[in-house]
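S.K.: The sequence and its predicted three-dimensional model are supplied below.
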Amino acid sequence: MSDQYENLSDSTPRRSRRILATLAAILAGTAILGCVLPVAIWPGEAKLTAPLFCDAPYTEPIVVSDTMHDSEGQSTNYSMYCVGDRGQYTEVGFLRPWLALWALHAALVIVVVMVARAWRWRPTRPAEPVRLAKSTEL
């Protein structure tokens, strides 16, 4: 009976593990990118999220860095503010714009990976028919 199913294979579990591992790698990589990019390289990137968080009359996004010095050294805190025409403002903070940018970065990388996979994909030849039982010639 075990010989009967010897040639059968189900690639679905292996494929789903690869997809989950790829998604985990993309999310981890974009989280690291999300920590480095808005803090060290381009703090103003948070302004791209202004349409999500800045409502009228607070329409102008401004990213502010506050640097503090104490006995342990120096630390910098970034925060986004939405400012109105007359100087009124609301503080959005750092976390919500960062999460929105992380989602954007992850979505962009997922689309690029899917396009690259679709471009590389070629249909495979059909496999040989599966033998369900052994046969013996007489």
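M.R.: Happy to help now that I have it.

S.K.: Distance of the most centrally placed residue in the chain relative to residue 30?
M.R.: Closest to where the C-alpha atoms of the chain average out (Cα atoms, centre = their mean) is residue 106, at 2.0 Å. Look at residue 106 and residue 30: by Cβ to Cβ, to the nearest Å, they are 4 Å apart. Where you see a C-beta, it was placed from the backbone N, CA and C, and this is true even at glycine.

S.K.: Quick check: the residue nearest to the centre of the chain touching residue 24?
M.R.: No. The pair residue 106 and residue 24 does not pass the contact test of Cβ atoms under 8 Å, sitting 11.1 Å apart.

S.K.: Who are the contact partners of the residue nearest to residue 109 when sequence neighbours are not counted?
M.R.: Leaving aside its sequence neighbours, residue 109 sits nearest to residue 26 (Cβ to Cβ, 6 or more residues apart in numbering; 5.1 Å). Shown in contact with residue 26 (Cβ atoms under 8 Å, 6 or more residues apart in numbering): 106, 109-110, 113.

S.K.: Of those residues, keep whichever come out buried.
M.R.: Among the contacts of residue 26, those buried by neighbour count (16 or more other Cβ atoms under 10 Å) are 106, 109.

S.K.: For the contacts of residue 26, give me CSV that also has secondary structure.
M.R.: As requested, those are exported to CSV (DSSP: H, G, I helix; E, B strand; the rest coil):
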residue, secondary structure
106, helix
109, helix
110, helix
113, helix
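
S.K.: and of the contacts of residue 26, the nearest to residue 57?
M.R.: Closest to residue 57 out of those is residue 106 (32.2 Å), distances taken as Cβ to Cβ.

S.K.: Check which residues of the helix or strand containing residue 112 are buried.
M.R.: Secondary structure from DSSP states H and E places residue 112 in helix 95-120. Buried residues in helix 95-120, counted by 16+ other Cβ under 10 Å: 97-98, 100-102, 105-106, 109.
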